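1. Just the structure for this:
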Amino acid sequence: MDSSRRAVIVGAGAATLAAPLGAARAQDTRTDPASDYRTARDLAAALHTRQVSAVELIDRAIARIEAHDGAINAVVVRDFERARTAAADADRALAAGDRRPLLGVPITVKEAFNVAGLPTTWGIPGTEHARAAEDAVAVRRLKAAGAVVIGKTNVPLMLYDWQAYNAIYGTTSNPWDLARTPGGSSGGAAAALAAGYVSLEFGSDIAGSLRAPASFCGVFGHKPTHDLVPMRGCVPPGAPSLSVGVEVDLAVVGPMARSAGDLALALDITAGPDDADAIGYRLALPAPRHAALSDFRVLVIDQHPLLPTSNVVRAALDKIADGLRKAGCTVAATSPLLPDLAFVGRTYTQLFMAFAGADLPGDAYRKMRDAAATLPSGDQSLATLRLRGAVISHAQWIWLDRVRAGIADQWRRLFGELDVLLCPVMPTPAFVHDHGDMAARRISVDGNAVPYADQSMWPSVATLTGLPATVMPIGRSDDGLPIGMQIIGPHLEDRTTIAFAELVERELGGFVAPPLKK
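-> Numbering: from 1, shown residues only. Alright, predicted model coming up:
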């Protein structure tokens, strides 16, 4: 690259850092060569054609983090010097003709993933000085594609919250409103994307942990079909990272970005069987069901029987439904094939709590077991099911797993008639930071106080049976907060939900940059 072109790019970057970011239209933030909001695909293309160097991109990302992250606190583990070295190596590889899909592109990853040489704490005090010996599988695959990891992003303690704060790294704030949560547990990831630090991130999800942050921060996220992307190396500090992947019930890991196209790129890079399984298995995901938006058959739902949903979220979804009708989609508001969402939510709650309660200390387990035994047998409230689920027997878990199999069959029948289901991600836009006792927390849904933990109901729709769910931004509330929707699709048809998101993004709009101030 000649010196004048380098000066223009570097100068434009400095000017962007010095000025507040306007809420430009989505397409403007992606195509402007001076923008910090270009997609990973656009950055890779610019690197391949030598319009910019990997070192320049790394330096620009670092400068933006240093300018803005004092207030946001998203990138809490920084690896800038190693990133600069890796970027220089990428530039040499690019000069030699290497065209790996992410070669030289800066990324961050959720703190929960092992990155060789960096701490993995999950927010647990006392673990911050131990260093991971090897990369998580997803991180290794991203690096093999040429991505340069510049740091790790913040999480709540043990990844157990729709916020992102802990005693080690402090609180991450939403770039749209610093008084509010960016979501959790992949809150730092979503905040880093919305703030324009990087174009690609990787998170994890079991109760909306990447979907809620994507919705709250106005970015894209994809919860893959269960076990599609190996989870090995996304483990608590000190836990063994086994040489062969171990399937974890309900939980997944997946990409986050500012465009649907980048989700597709990252999924192609990271999906597929891990290690020993790869000897006998190969990934062969089906192509998207349709190439045109008008060919899609869509079911849109905006009410959940166990959770009130705010009018502003429902209005945003209704507006998208109208836009889809005008674009020629077949849009339905009901289907006799839709599984009973109350049944789904109650089943999920017990299986999730069985997962969460597996590591309870003996005394805590016995106390919860004794408390559960005193509850009325007919009580099916979510609070009661959470307590019971944490201490269920293996026989009870097997029975619930069989129930889950029946629900999965219902979904197969539904997706024989329809292509995607659209629904809310969370009942409200991002809420104000609340670090009080979790059991006592409440969220306000149009003035009604709702138990904090009940927010898992919309995420449970896809999580219980391991369905793919793509999240994309669809609008903003009256006070400017992003609102997202879930695009849920058939088992292993991840490319269909992502393709649908990309078509909606082109037709109806996608990411918009928050009005950050330096």
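2. What's the local residue count around the nearest residue to Thr153 once chain neighbours are set aside?
-> Leaving aside its chain neighbours, Thr153 sits nearest to Gly188 (3.0 Å; criterion: CB to CB, 6 or more residues apart in numbering). (Glycine included, C-beta is placed from N, CA and C.) Gly188 has 35 neighbouring residues, counting by other CB atoms under 10 Å.
3. ok, now Cys329?
-> 25.
4. Make 27 the first number, not 1, from now on.
-> Yep, numbering from 27; the last one is Cys355 now.
5. Which stretches in the stretch 277-426 of the chain count as helices?
-> Counting by DSSP state H, counting those that start in this stretch, the stretch 277-426 of the chain has helices at residues 286-296, 337-352, 367-383, 388-399, 408-416, 420-443.
6. Now the first one - C-alpha only, PDB.
-> This file holds the C-alpha atoms of helix 286-296, laid out as PDB (Å, rounded to 0.1, in the frame of the first residue of the first chain):
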ATOM      1  CA  ALA A 286     -25.800 -11.900   9.300                       C
ATOM      2  CA  GLY A 287     -23.200 -12.500   6.600                       C
ATOM      3  CA  ASP A 288     -20.500 -12.500   9.300                       C
ATOM      4  CA  LEU A 289     -22.500 -15.000  11.300                       C
ATOM      5  CA  ALA A 290     -22.500 -17.400   8.300                       C
ATOM      6  CA  LEU A 291     -18.800 -16.900   7.800                       C
ATOM      7  CA  ALA A 292     -17.900 -17.700  11.500                       C
ATOM      8  CA  LEU A 293     -20.300 -20.600  11.600                       C
ATOM      9  CA  ASP A 294     -18.700 -22.200   8.500                       C
ATOM     10  CA  ILE A 295     -15.300 -21.800  10.200                       C
ATOM     11  CA  THR A 296     -16.100 -23.200  13.600                       C
END
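7. how far out from the middle of the chain is that helix?
-> A distance of 13 Å separates the centroid of the chain from that of helix 286-296, by CA atoms, centre = their mean, to the nearest Å.
8. do the same with the second one
-> Centroid displacement of helix 337-352 relative to its chain, using CA atoms, centre = their mean, is 22 Å.
9. Identify the residues contacting that helix?
-> If you take CB atoms under 8 Å, 6 or more residues apart in numbering as the criterion, helix 337-352 is touched by 319, 322, 324, 326, 328-329, 357, 359, 448-450, 452-455, 472, 500-501, 503-504, 509, 511, 530, 533-534.
10. Over to the third one?
-> Contact partners of helix 367-383, identified using CB under 8 Å, 6+ apart, comprise 186, 232-233, 274-277, 327, 330-333, 391, 394, 406, 408, 411-418, 423, 426-427, 429-430, 433, 482-483, 486-487, 489-490.
11. In ChimeraX, how would I select the buried members of those?
-> Buried residues among the contacts of helix 367-383 (16 or more other CB atoms under 10 Å), as a ChimeraX selection:
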select :186,232,233,274,275,276,277,327,330,332,333,394,408,411,412,413,414,415,416,417,418,423,426,429,430,433,482,483,486,487,489,490
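12. Low-confidence regions, the stretch 77-226 of the chain specifically.
-> By pLDDT under 70, the stretch 77-226 of the chain has no low-scoring segment.
13. which stretches of it form helices?
-> Taking DSSP H, counting those that start in this stretch as the criterion, the stretch 77-226 of the chain carries its helices at 80-98, 106-121, 163-170, 213-220.
14. need the next SSE after the last one, C-terminal direction.
-> Towards the C-terminus, the helix or strand next in line after helix 213-220, according to DSSP states H and E, is strand 226-231.
15. partners of that following strand in the sheet?
-> strand 278-283 (antiparallel) (DSSP bridges).
16. List the buried residues in the strand it pairs with.
-> Val278, Val279, Gly280, Pro281, Met282, Ala283.
17. Equivalent analysis for stretch 189-204, please.
-> Those would be 189-192, 194-195, 197-204, for stretch 189-204 by 16+ other CB under 10 Å.
18. now do stretch 440-450
-> Buried, per 16+ other CB under 10 Å, within stretch 440-450: Leu440, Phe441, Leu444, Asp445, Val446, Leu447, Leu448, Cys449, Pro450.
19. Of the residues you listed, which belong to helices?
-> Those of these mapping onto helices are Leu440, Phe441, per DSSP state H.
20. how about the buried residues of stretch 440-450 in CSV, adding pLDDT and distance to Ala159?
-> As requested, the buried residues of stretch 440-450 are arranged in CSV below (pLDDT from 0 to 100; distance: CB to CB, whole Å):
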residue, pLDDT, distance to Ala159
Leu440, 98, 44
Phe441, 98, 42
Leu444, 98, 46
Asp445, 99, 44
Val446, 99, 41
Leu447, 99, 41
Leu448, 99, 43
Cys449, 98, 41
Pro450, 98, 41
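21. is it possible to export the buried residues of stretch 440-450 to CSV including distance to Glu519?
-> Shown next, in CSV, are these (distance: CB to CB, whole Å):
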residue, distance to Glu519
Leu440, 13
Phe441, 8
Leu444, 12
Asp445, 9
Val446, 9
Leu447, 12
Leu448, 15
Cys449, 17
Pro450, 21
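22. Return the subset of the buried residues of stretch 440-450 lying in strands.
-> Val446, Leu447, Leu448, Cys449, Pro450 (DSSP state E).
23. what's the spacing between the most centrally placed residue in the chain and Thr489?
-> Residue closest to the average C-alpha location in the chain (CA atoms, centre = their mean): Leu236, at 2.4 Å. Leu236 sits 11 Å away from Thr489, going by CB to CB, to the nearest Å.
24. Quick check: neighbours shared by those two?
-> What both Leu236 and Thr489 touch, as defined by CB under 8 Å, 6+ apart, is the set Lys249.
25. circling back: for the residue nearest to Thr179, what are its contacts?
-> Counted by CB under 8 Å, 6+ apart, Gly214 has contacts 99-102, 134, 136-137, 178-181, 190, 198, 208.
26. Same question for Met184.
-> Trp148, Gly149, Ile150, Pro262.
27. and with 6 Å instead?
-> Trp148 (CB atoms under 6 Å, 6 or more residues apart in numbering).
28. same check, this time on Tyr195
-> For Tyr195, the contact set (CB under 6 Å, 6+ apart) comprises Val102, Asn180.
29. How much space separates it from Pro201?
-> The separation that Tyr195 has from Pro201, given CB to CB, amounts to 17 Å.
30. And the helices of the stretch 77-226 of the chain: which comes nearest Ala297?
-> Closest to Ala297 of the helices of the stretch 77-226 of the chain is helix 163-170 (CB to CB; 8.8 Å).
31. buried stuff in that closest one?
-> For helix 163-170, by 16+ other CB under 10 Å, it's Val163, Ala164, Val165, Arg166, Arg167, Leu168, Lys169.
32. Surely the first one touches Val261?
-> No - with the criterion set as CB atoms under 6 Å, Val163 and Val261 do not qualify as a contacting pair; they are 11.1 Å apart.
33. Many thanks, have a good one.
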